[in-house]
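Student: generate coordinates for the sequence data below:
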Amino acid sequence: MNVRRSAAALAASAVLCVGAAPAALAAPSPSTPAAPVIPSGLYGKKDPTYDGVWRQSFALLAQNTVGVKPAKEAVDWLAGQQCANGGFASFRADAATACDDKTMFDTNATAVAVQALKATGGRDAAVKKAVDWLKSVQNEDGGWAFVPGTPSEGNSTSIVISALVVAGEKPAEVKSKAGKSAYEGLLAFQLGCAAEPAADRGAFGYQPAPDGKLAANADATAAAVLAGLGQGSVVAPSATDTPAAALACPAGAADPAAAAQGAAGYLAETLKKDGHLTAVTPGADQPTADTGNTADAVIALAAAGHKQSAAGALEWLKTNSAEWAKDSPAALGTLVLAAHATGADPKSFGGTDLVTALNATGPAPQTAATAEPKSDAKDEGSDSNVWWIVGAGLAAGMGIGVLLSGRRKKNRL
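Tutor: Model prediction:
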């Protein structure tokens with residue numbers, strides 16, 4: 001989940017940068033920016049401007065999943081970020097000031113806040129208001145954008161659908177004014193049986209390029225698996241384990257669950273190459289390890305019932321995720337959820353106690369974790385370089401945002 005957030009921030013920065021690129025490209029001011037003020041109750045010590053609600057939501061979700069009762073002030077902080085209309089911005093430094101027409105609402109932040117507030121309990125009215133707001137900003141094609149009023153994309157559509165499911169909604173019945181359902185909006189982003197190269201079939205794209213073609217996007221694909229299967233971010237360990245399979249052709253992506261299984265097949269095949277996902281970041285000559293989306297892929301494969309297909313990537317995460325997740329509530333929370341989904345022990349994850357590390361990033365929880373992660377039947381989010389986000393946003397504004405969208409939802413901020 002760390003990667004989705006950067007994709008979301010990229011979308012936002014692209015909107016903001018259109019028409020403003022010359023100023024943004026000017027020489028930076030020599031003045032040193034003031035250190036960010038971290039509100040009481042918020043997890044993480046880095047600038048929360050782009051990911052405050054996201055990282056808080058994943059911290060609370062992860063704590064709740066392993067039997068930790070979050071600090072009351074942490075839950076109150078998240079609930080206090082909600083605007084009167086039900087939506088959330090990525091972060092509001094002054095929650096006492098009413099939201100207005102200058103507030104940049106964030107569907108991704110709203111969606112993960114729905115999951116976190118639902119999980120922690122006692123906030124049914126806030127959850128309903130948030131869900132109603134999400135429905136109100138659904139695009140005519142059935143999908144959602146990170147910034148309401150802009151074109152739909154596969155990642156945000158998936159994240160919103162997962163929130164709707166957690167809140168008790170039926171995505172097939174959530175329809176736009178034009179009559180398109182949430183699932184119709186989602187399935188439009190799948191690369192089908194005619195896609196080339198054939199290895200990309202089953203994947204989901206972020207947004208079509210100017211020529212209308214979709215490119216496989218691991219971030220959107222992992223999110224779409226959960227959405228198509230009717231799952232939220234918290235995935236219960238499966239009692240069965242089957243091999244992941246490629247998208248059945250010919251098949252309709254008319255069935256969200258079948259589409260999700262095809263997407264899982266794409267992830268499984270992609271992971272075989274290096275044991276983890278890779279991405280090309282701005283300024284890099286070669287692809288680098290994509291830790292955040294690898295964690296998302298592990299959760300997605302576990303949700304689809306393919307634990308063995310996720311096993312290699314899970315072991316890679318145990319060995320290689322420590323630096324990526326250090327002091328990052330969204331990253332630590334994502335790893336906790338990956339461990340939970342696969343039946344691994346989050347308190348002994350490659351030699352790291354993820355739960356203790358997560359708890360240390362914010363207010364002390366009301367209760368400690370139980371010995372075993374609890375089963376649940378049933379979002380920097382992470383903290384990355386703000387200048388990367390700005391640079392990626394400028395690139396998006398110049399027409400190549402689609403190519404960069406998958407990178408870093410975080411590390412997603």
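
Student: show me what the helix or strand that contains A331 is packed against.
Tutor: Using DSSP states H and E, A331 maps to helix 329-342. Judged by 3 or more CB pairs under 8 Å, 6 or more residues apart in numbering; DSSP states H and E, the packing partners of helix 329-342 are helix 2-17, helix 52-65, helix 291-303, helix 307-320, helix 322-325, helix 354-359. For glycine as for every other residue, the C-beta is placed from the backbone atoms N, C-alpha and C.

Student: between those, which gets nearest to P151?
Tutor: Nearest of those to P151, taken as CB to CB: helix 2-17 at 9.5 Å.

Student: is A258 in contact with A248, as I believe?
Tutor: Yes: counting by CB atoms under 8 Å, A258 does reach A248; the two are 6.8 Å apart.

Student: coming back round to it: just the angle between the helix holding A331 and helix 291-303, please?
Tutor: Orientation check (axes from the mean of the first three to the mean of the last three CA atoms, to 10 degrees): helix 329-342 against helix 291-303 gives 30 degrees.

Student: tell me the angle of helix 329-342 relative to helix 307-320?
Tutor: 140 degrees.

Student: report the angle between helix 329-342 and helix 52-65.
Tutor: Orientation of helix 329-342 against helix 52-65 (the same axes, to 10 degrees) gives an angle of 40 degrees.

Student: mind listing what's buried in helix 329-342?
Tutor: Residues of helix 329-342 classed as buried: 329-342 (neighbour count, 16 or more other CB atoms under 10 Å).

Student: count the residues that sit near K128.
Tutor: 14 (other CB atoms under 10 Å).

Student: packing partners of the helix or strand hosting it?
Tutor: In the assignment (DSSP H and E), K128 maps to helix 124-136. Judged by 3+ CB pairs under 8 Å, 6+ apart, helix 124-136 is in contact with helix 107-120, helix 154-166.

Student: L61: which of those is closest?
Tutor: In terms of CB to CB, the element of these nearest to L61 is helix 107-120, at 5.2 Å.

Student: picking that back up, for T107, which of the helices and strands packed on helix 329-342 is the nearest?
Tutor: Ranking these by proximity to T107 (CB to CB) places helix 2-17 first, at 8.3 Å.

Student: redo the helices and strands packed on helix 329-342 as a markdown table? Include mean neighbour count, mean pLDDT and distance to K177.
Tutor: Below are the helices and strands packed on helix 329-342 laid out as a markdown table (neighbours: other CB atoms under 10 Å; pLDDT from 0 to 100; distance: least, CB to CB, whole Å):
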| stretch | mean neighbour count | mean pLDDT | distance to K177 |
| --- | --- | --- | --- |
| helix 2-17 | 29 | 48 | 22 |
| helix 52-65 | 31 | 98 | 27 |
| helix 291-303 | 31 | 98 | 31 |
| helix 307-320 | 20 | 97 | 39 |
| helix 322-325 | 19 | 97 | 42 |
| helix 354-359 | 24 | 98 | 41 |
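
Student: which stretch among these comes nearest G185?
Tutor: That would be helix 2-17 among the helices and strands packed on helix 329-342, by CB to CB, at 15.9 Å.

Student: which elements pack onto the lengthiest helix in the chain?
Tutor: With secondary structure taken from DSSP state H, the chain has its longest helix at helix 256-274. Packed against helix 256-274 by the contact rule (3+ CB pairs under 8 Å, 6+ apart) you find helix 182-187, helix 218-228, helix 291-303, helix 307-320.

Student: can we see that at 10 Å?
Tutor: Counting contacts by 3 or more CB pairs under 10 Å, 6 or more residues apart in numbering; DSSP states H and E, helix 256-274 packs against helix 154-166, helix 182-187, helix 218-228, helix 291-303, helix 307-320.

Student: put the alpha carbons of stretch 341-356 into CSV.
Tutor: Presented in CSV, the C-alpha positions along stretch 341-356 are these (Å, rounded to 0.1, in the frame of the first residue of the first chain):
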residue,chain,number,x,y,z
ALA,A,341,-2.8,-12.5,5.1
THR,A,342,-0.2,-15.2,4.7
GLY,A,343,-0.3,-16.6,8.2
ALA,A,344,3.2,-15.3,9.0
ASP,A,345,4.1,-13.8,12.4
PRO,A,346,4.3,-10.0,12.3
LYS,A,347,6.2,-10.0,15.6
SER,A,348,9.0,-12.0,14.1
PHE,A,349,9.2,-10.9,10.5
GLY,A,350,12.7,-11.4,9.2
GLY,A,351,14.0,-10.6,12.7
THR,A,352,11.8,-7.6,13.1
ASP,A,353,8.9,-7.1,15.5
LEU,A,354,6.7,-5.1,13.1
VAL,A,355,4.0,-4.6,15.7
THR,A,356,6.4,-3.0,18.2
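
Student: now do the contacts for the closest residue to E269 other than its chain neighbours.
Tutor: In space, E269 comes closest to A199 once its chain neighbours are excluded; the distance is 6.6 Å by CB to CB, 6 or more residues apart in numbering. Shown in contact with A199 (CB atoms under 10 Å, 6 or more residues apart in numbering): L191, A216, A246, Y266, E269, T270.

Student: where does this protein dip in pLDDT?
Tutor: For the chain, the stretches with pLDDT under 70 are 1-34, 250-253, 368-413.

Student: hmm, back to that, can I get the helices and strands packed on helix 256-274 in CSV with distance to Q207?
Tutor: Shown next, in CSV, are these (distance: least, CB to CB, whole Å):
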stretch, distance to Q207
helix 154-166, 7
helix 182-187, 12
helix 218-228, 9
helix 291-303, 17
helix 307-320, 26
